[in-house]
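Coordinates only, no sequence provided:
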Ligand SMILES: Nc1nc2c(ncn2[C@@H]2O[C@H](COP(=O)(O)OP(=O)(O)OP(=O)(O)O)[C@@H](O)[C@H]2O)c(=O)[nH]1
């Protein structure tokens, strides 16, 4: 059997990566968003880095022996940075410490090549150390996402990252302690081992990236199904499901619960006078105002048309204060942004404590009645109905 040849093994890795890099954009389609584009760039750059390593191994004379490995190191670190950008896109912004640490490693690795230009073994050890630490930091990003993301692909990425990091750190030690590694061309067990680990990890990484991309698309669809397209607030369906949770929590913890239904006054006149585009801006302004005035555990939703709902753990006095704040914020905002004044009327259904059998539908019906009364009594006002079990 012919002996293993490091050059051929590396060539297979490079061709694999480039094939993936060319097939991915085609199979994912051109309309992908930023994280998927970063992932595509990762494969392209990593493939290019391996090609440069191959070329470098065929030109072991100056100046190529200095320039080409530096180029390969820089491209490889750029690839890692692209992968980390993809992760940030899928997982939400990470702690600055992780991101800065990774950026530092991405710059320090190639820089070491310049500084240690006359020390082959040191410079490979240094680069492998920086690369290994960078990969480990990227792998840690997958552990604590800021967004709600499925676990499977994250754990897979963490595992792959740790295997890659361990083999890179081992390479760093071997480059210093043994004669095997200063030259990529050396047909040593260490080089062979690395050329075997790389495609194994690349294949698993490709799977993890495709699953991450699919999960992101699914999450977007779920968000769209629960969000009002114009205002970005929760829609009616979302109010119905989240409202049930809030009712249960209020009952469990003995909290007061108020459902406020708000309706812009004379909104048809806004559309007729200023047009539908301005009408839409008015709705968006009210939505932003509602969002700013509600806490994280409370809910602002668009019920439909120019009607909105607030579900808050608040007493009638607190709802009164909230409506006052909303009224002045909306007046100020509409004067500044739209150059006319917007007002609303509201009806509130309040339960001092939630009892078994009280439903969201009942609260909505009572709030709607109170709103009708507020409109009837002259607008720009709010009425409250106190609900009781009898
Ligand atoms: N621009 C815009 N207008 C909308 C949207 N949804 C509903 N409307 C308009 O909202 C207006 C509601 O009119 P009405 O129900 O008569 O209420 P109003 O004029 O606000 O009168 P009152 O509620 O009695 O004070 C209609 O003209 C709808 O076309 C929307 O998404 N965008």
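Perfect, thanks for sending it. It should be emphasised that the depicted structure is a prediction, and the values quoted were computed from it without experimental measurement.

Return the set of buried residues in stretch 189-205.
Of the residues in stretch 189-205, those with enough neighbours to count as buried (16 or more other Cβ atoms under 10 Å) are 190-192, 194-195, 197-199, 201-202, 205. C-betas here are computed from N, CA, C, even on glycine.

Now pLDDT and distance to residue 97 too, for those residues, in a markdown table please.
As requested, those are arranged in a markdown table below (pLDDT from 0 to 100; distance: Cβ to Cβ, whole Å):
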| residue | pLDDT | distance to residue 97 |
| --- | --- | --- |
| 190 | 74 | 32 |
| 191 | 75 | 34 |
| 192 | 77 | 36 |
| 194 | 79 | 29 |
| 195 | 78 | 33 |
| 197 | 86 | 28 |
| 198 | 83 | 28 |
| 199 | 83 | 32 |
| 201 | 89 | 25 |
| 202 | 87 | 28 |
| 205 | 91 | 24 |
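
in the protein, which spans are strands?
With DSSP state E as the definition, the chain shows strands at residue ranges 257-264, 299-304, 307-312, 344-351, 382-387.

Strand 299-304 and the first one, what's the angle between them?
This means strand 257-264. Computed with axes from the mean of the first three to the mean of the last three Cα atoms, to 10 degrees, the direction of strand 257-264 lies at 40 degrees from that of strand 299-304.

Check the last one too.
Interaxial angle, strand 382-387 versus strand 299-304 (the same axes, to 10 degrees): 110 degrees.

Within the sheet, what are the partner strands of strand 382-387, with directions?
Strand pairing for strand 382-387, using DSSP bridges, gives strand 344-351 (parallel).

and the partner strand with strand 307-312, angle?
40 degrees.

how about stretch 277-292 against the ligand, any contact?
Yes. Stretch 277-292 lies in contact with the ligand when judged by Cβ under 6 Å from any ligand atom; the contacting residues are 279-280, 283.

Just the mean pLDDT for stretch 262-272, thanks.
Mean per-residue pLDDT for stretch 262-272: 95.

Kindly report the same for stretch 216-232.
What stretch 216-232 shows for mean pLDDT is 89.

Buried ones in stretch 252-268, by neighbour count?
255-265, 267.

Which ones, among the residues you listed, also lie beside the ligand?
263-265, 267.

and of the residues of stretch 277-292 next to the ligand, the nearest to the ligand?
Sorting the residues of stretch 277-292 next to the ligand by distance to the ligand puts residue 279 at the head of the list, at 2.6 Å, by Cβ to the nearest ligand atom.

Can you tell me, leaving aside adjacent residues, what's nearest to that closest one?
residue 271 (4.2 Å; Cβ to Cβ, 6 or more residues apart in numbering).

Please tabulate the ones next to the ligand among the buried residues of stretch 252-268 in TSV, including the columns distance to residue 97.
Conversion of those to TSV gives the following (distance: Cβ to Cβ, whole Å):
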residue	distance to residue 97
263	48
264	46
265	50
267	49
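
Excluding chain neighbours, give the residue nearest to residue 137 in space.
Spatially, and ignoring its direct neighbours in sequence, residue 137 is nearest to residue 102 (4.5 Å; Cβ to Cβ, 6+ apart).

Would you mind measuring from the one you found to the ligand?
Using Cβ to the nearest ligand atom, to the nearest Å, we find residue 102 at a distance of 44 Å from the ligand.

Can you get me a residue count around that residue?
Burial of residue 102 is recorded as 25 neighbouring residues (other Cβ atoms under 10 Å).

next one: the one 10 residues further on
Applying the criterion other Cβ under 10 Å, we find 21 residues in the vicinity of residue 112.

pLDDT below threshold where in the stretch 251-390 of the chain?
Low-confidence regions of the stretch 251-390 of the chain, defined by pLDDT under 70, are absent; no residue qualifies.

Helices of that one, start to end?
Per DSSP state H, counting those that start in this stretch, the stretch 251-390 of the chain has helices spanning 267-274, 276-293, 316-338, 360-376. These are given in chain order.

Switch those helices over to JSON lines; also include distance to residue 50.
As requested, the helices of the stretch 251-390 of the chain are exported to JSON lines (distance: least, Cβ to Cβ, whole Å):
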{"stretch": "helix 267-274", "distance to residue 50": "60"}
{"stretch": "helix 276-293", "distance to residue 50": "49"}
{"stretch": "helix 316-338", "distance to residue 50": "54"}
{"stretch": "helix 360-376", "distance to residue 50": "59"}
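
Which among the ones you listed is found nearest to residue 29?
Distance to residue 29, taken as Cβ to Cβ, is lowest for helix 276-293 among the helices of the stretch 251-390 of the chain, at 30.1 Å.

contacts for the closest one?
Under the criterion Cβ atoms under 8 Å, 6 or more residues apart in numbering, residues 228, 230-233, 262, 264, 267, 270-271, 300, 302, 306, 308, 310, 322, 325-326, 329-330, 333-334, 337-338, 342, 344 lie in contact with helix 276-293.

how about that helix: buried residues?
The neighbour-count criterion (16+ other Cβ under 10 Å) identifies 278-279, 281-283, 285-290, 293 as the buried residues of helix 276-293.

With stretch 87-98 instead?
So for stretch 87-98, counting by 16+ other Cβ under 10 Å, buried means 87-91, 94, 98.

Same question for stretch 58-67.
65-66.

Give me the average confidence score over it.
Confidence for stretch 58-67, expressed as mean pLDDT, is 75.

Give me every residue in the stretch 151-300 of the chain lying close to the ligand.
If contacts are counted using Cβ under 6 Å from any ligand atom, the residues of the stretch 151-300 of the chain sitting beside the ligand are 230, 263-269, 271, 276, 279-280, 283.

wait, which of those is closest to residue 173?
Checking these against residue 173 with Cβ to Cβ, the nearest one is residue 230 at 58.7 Å.
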